[in-house]
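Colleague: Have a look at this prediction, sequence included:
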Amino acid sequence: MFVTLVRLTMHTPHCQSRKDRRSVVRKIKDRVGAKLKVVIAEVGGQETWQRIDLGFAVVGPDGGFCDSRADDVIRMIDELDLGRRVDLQRACSNFGEHRDVDGSQEDWIPDFAKDEMG
């Protein structure tokens, strides 16, 4: 299992109030979420009017998939042109295969499930 984490910081000079800022955040979250089926969280910068910090994660079977999907989200946010991206942090981690408590990679399906599957 792979996970790509992204934190994106934007500057929105046109925002002159918290209401303006909330409107930009809402547009990004709603439009990107509706099109790409991703949830974006506001992770900082709430105390400022012209800075927005957003974060999201992509989980998938391989790093290439996760990075590609993260690129799609970043590209769409940029294309909305609601602010200028000033920072981007990203990391991809591999959580490996499932391991039993003893560290082995034995078959991890519980006995009751094996019986039900035949």
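Modeller: Okay, I see it. Residues are numbered from 1 along each chain as shown.
Colleague: What's the mean pLDDT across stretch 41-56?
Modeller: Mean per-residue pLDDT for stretch 41-56: 93.
Colleague: quick one: buried residues of that stretch?
Modeller: Within stretch 41-56, the residues scored as buried using 16 or more other C-beta atoms under 10 Å are Glu42, Gly45, Trp49, Gln50, Arg51, Ile52, Asp53, Leu54, Gly55, Phe56. From N, CA and C alone the C-beta is placed, and that goes for glycine too.
Colleague: before we move on, what about stretch 81-98?
Modeller: Neighbour count says stretch 81-98 has Leu82, Gly83, Cys92 buried, by 16+ other C-beta under 10 Å.
Colleague: List just the nearest of those to Phe65.
Modeller: Of all the buried residues of stretch 81-98, Phe65 sits closest to Cys92, with 10.3 Å by C-beta to C-beta.
Colleague: Which helix or which strand is home to the closest one?
Modeller: Using DSSP states H and E, Cys92 falls within strand 84-94.
Colleague: CA atoms of that strand as CSV?
Modeller: Below are the C-alpha coordinates for strand 84-94, written out as CSV (Å, rounded to 0.1, in the frame of the first residue of the first chain):
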residue,chain,number,x,y,z
ARG,A,84,-1.0,31.6,-6.7
ARG,A,85,0.7,28.4,-5.4
VAL,A,86,3.7,29.5,-3.3
ASP,A,87,4.7,26.2,-1.7
LEU,A,88,4.2,22.5,-2.3
GLN,A,89,5.3,19.7,0.0
ARG,A,90,4.7,16.0,-0.9
ALA,A,91,5.9,12.6,0.3
CYS,A,92,5.1,9.1,-0.9
SER,A,93,5.5,6.2,1.6
ASN,A,94,5.3,2.5,1.1
